[in-house]
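S.K.: coordinates only, no sequence provided:
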């Protein structure tokens, strides 16, 4: 008798753009920890929960593999990527380099309109803190940092930031697990915005270093404490 995999809480989808919808649902499940690092993406079970065939699930898994969220194991399927401490160090090292410079550029380019966009994004972070929707809060957190890069105006730097998108969403999701009060996540962004508004480069870099550095340290600690799940490849 075949064993049916337990559900991971995925809502059914409509017929439009199934692959991207499946990818979005899988990303949410990964970020929220319902598909923990090292766990297998059971195509049949996911397809059953979402009310689709296995084909869009497989294509979505390939898409997430390209984005770095999943790893493929020949003849075994797809597994949620496990971050090692070295991975976290590399991600945050590059992130610091990008966001330090982006924030200084953003301060130089800041206009009343872009200032209002950043302020509004922090308001959105507080609003989503009341929704009990961790995936949405991860997305809005990511958007705040991307908006800084956009305002910075360096397109190639923004491209580097976007290349980190999926990995950043995963580590931002880990950060969310460190706070009992989701509003605290929103509050940690307020000094960063204040420094950008004030426009002093040294202060901006110091606040970015603190904001991202705290996350780097805590996520690194969390990753070291999470026991790795054995992948089928091992």
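M.R.: Looks like it arrived, so ask away. All values reported here derive from a predicted model rather than from experimental measurement.
S.K.: how does this structure divide into domains?
M.R.: 15-80, 85-225 (the TED database).
S.K.: export those to TSV and tack on mean pLDDT?
M.R.: Output for the domains of the chain, formatted as TSV (pLDDT from 0 to 100):
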stretch	mean pLDDT
domain 15-80	86
domain 85-225	89
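S.K.: show me where the protein has helices.
M.R.: Taking DSSP state H, the helices of the chain run over residues 18-31, 43-50, 54-66, 85-109, 112-129, 134-152, 155-163, 165-176, 182-187, 190-198, 201-225.
S.K.: tabulate these (a markdown table), appending distance to residue 78.
M.R.: Just so you know, the C-beta spots here come from the backbone N, C-alpha and C atoms, and that holds for glycine as well. Formatted as a markdown table, those follow (distance: least, Cβ to Cβ, whole Å):
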| stretch | distance to residue 78 |
| --- | --- |
| helix 18-31 | 9 |
| helix 43-50 | 8 |
| helix 54-66 | 4 |
| helix 85-109 | 18 |
| helix 112-129 | 29 |
| helix 134-152 | 19 |
| helix 155-163 | 21 |
| helix 165-176 | 14 |
| helix 182-187 | 29 |
| helix 190-198 | 36 |
| helix 201-225 | 21 |
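S.K.: dump the ones you listed to a markdown table, plus distance to residue 73 and mean neighbour count.
M.R.: Below are these laid out as a markdown table (distance: least, Cβ to Cβ, whole Å; neighbours: other Cβ atoms under 10 Å):
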| stretch | distance to residue 73 | mean neighbour count |
| --- | --- | --- |
| helix 18-31 | 16 | 21 |
| helix 43-50 | 13 | 19 |
| helix 54-66 | 11 | 19 |
| helix 85-109 | 18 | 18 |
| helix 112-129 | 35 | 16 |
| helix 134-152 | 25 | 21 |
| helix 155-163 | 24 | 14 |
| helix 165-176 | 19 | 20 |
| helix 182-187 | 34 | 17 |
| helix 190-198 | 39 | 17 |
| helix 201-225 | 21 | 16 |
